[in-house]
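1. this one's sequence-less:
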């Protein structure tokens, strides 16, 4: 009790600059530890599901099932959080549940052997419930705690920290996968990721941010959505974000199928690919502030999906796993660029007072893309040559997102002028 009071007094006495700098350090530390979970678990969990014998449609459900849950839950969750306030409590509790489900996935083979792939996919899909709440709260909270002029810089630092630890942990995970028998090898790396994610959660709990007062909307849910879509530039931005995530959703199940079934890649080779992508992501993250400063946030928003679209296209033309290393590095660079510029444009185009609701709709657009993409891929993967066709179609969608961003450049610039001043 006394410790809590003391911490609040210290936070009140600290200058805004001190609090901001402390928050930035914790934001970077949080995602740096989270990178271990990404490198050991998130990057490899679809390969694990393939090793369990999952069908193409079941593998796609890892992405589209979770995305469907997020689509249906995102807006109600955002409205509920806005009405009740206490964003930090929502973030911490939902992240804890999300992490515990990874623990359940790691321990599952000790308890069941039949339908292991199906139950594993079910747990992955269930993670979407806490993840939707935490993503909405955390993005809105981070946008509020960062000065506009430092947003791109801090997001770049976070992506760099994520890239470094995910690179090193994926490299270490590859060695563990080669030395231990299946499924113990995957269980081991999943448990390592879970332990690191708890350290990440500890840093999240130490963030200091003022919660906005609870605010109940008098309009129906669809009325709120219509009002938000009328905000200048916001609907155009959401379409770019959605199309970009159709690409990500399409290639998420296709890449493991291409690696394992077409190229007969080993776990060690796959870990090298993922490591190369993560390492290049560090470069992409650190260079984004300079790039955005040189070409502007809207041109960066067009460049990122176009660059990332080259990854599935060039992958579909590659006859050997080793050809994929430079393409994976390019993908890592552009995916970091994509998420950095999406966040900077989100902050520029949304009002401070209603950011939680706008972030909810933004996340809904992302997950809509993540829902549509894997369904298309799952259907194509069942026909001869469908994996290659799907990869090339994903590239086309990425180029379409870039062209739309270019066509809407003037509107996006004018709508976000206040953030560029």
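-> On my side now, so go ahead. Being a predicted model, the structure only gives us computed values, none of them experimental.
2. ok, residue 147 - how many residues close by?
-> The number of residues packed near residue 147 is 12, by other C-beta atoms under 10 Å. All C-beta spots, glycine's among them, are computed from the backbone N, C-alpha and C.
3. Distance from stretch 226-241 to the middle of the chain?
-> The chain centroid and the centroid of stretch 226-241 are separated by 20 Å under C-alpha atoms, centre = their mean, to the nearest Å.
4. Pull out the buried positions in it.
-> Across stretch 226-241, burial judged by 16 or more other C-beta atoms under 10 Å covers 228, 233, 234, 236, 237, 238, 239, 240, 241.
5. which residues does the first one contact?
-> Okay, so that is residue 228. 234, 354, 357, 358, 361 (C-beta atoms under 8 Å, 6 or more residues apart in numbering).
6. Just give the nearest non-adjacent residue to residue 371, would you?
-> residue 67 (3.6 Å; C-beta to C-beta, 6 or more residues apart in numbering).
7. Verify the contact between that neighbour and residue 364 for me.
-> No. Taking contacts as C-beta atoms under 8 Å, residue 67 lies outside contact range of residue 364: 9.9 Å.
8. more neighbours, the two?
-> residue 67 (27 against 22).
9. check contacts around the more buried one.
-> 128, 249, 367, 368, 369, 370, 371, 374 are the contacts of residue 67 under C-beta under 8 Å, 6+ apart.
10. go with 6 Å
-> Residues near residue 67 by C-beta atoms under 6 Å, 6 or more residues apart in numbering: 367, 370, 371.
11. Name the helix or strand for it, please.
-> helix 56-84 (DSSP states H and E).
12. Averaged pLDDT, that helix. What do you get?
-> Helix 56-84 carries an average pLDDT of 72.
13. on that earlier part again, now the contacts of residue 228 as TSV including distance to residue 260 and secondary structure?
-> What follows is the contacts of residue 228, written out as TSV (distance: C-beta to C-beta, whole Å; DSSP: H, G, I helix; E, B strand; the rest coil):
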residue	distance to residue 260	secondary structure
234	40	helix
354	45	helix
357	41	helix
358	40	helix
361	36	helix
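14. Tell me the one among those residues nearest to residue 162.
-> Set against residue 162, the nearest of the contacts of residue 228 by C-beta to C-beta is residue 358 (24.0 Å).
15. Near that closest one, how many other residues are there?
-> Neighbours of residue 358 (other C-beta under 10 Å): 25.
16. cool, the one 4 residues further on as well?
-> Neighbourhood size, residue 362 [other C-beta under 10 Å]: 29.
17. Now do the closest residue to it other than its chain neighbours, the pLDDT please.
-> Spatially, and ignoring its direct neighbours in sequence, residue 362 is nearest to residue 346 (5.7 Å; C-beta to C-beta, 6+ apart). Residue 346 carries a pLDDT value of 84.
18. Within the helices and strands, which one has residue 346?
-> helix 324-349.
19. Quick one: distance of that helix to the chain centre.
-> With C-alpha atoms, centre = their mean, you get 11 Å for helix 324-349.
20. So which bits of it are buried?
-> 324-325, 327-349.
21. for the strand or helix carrying residue 397, packing partners?
-> For residue 397, the host element (DSSP H and E) is helix 386-407. Secondary-structure packing of helix 386-407 (3 or more C-beta pairs under 6 Å, 6 or more residues apart in numbering; DSSP states H and E): helix 234-257, helix 297-316, helix 355-381.
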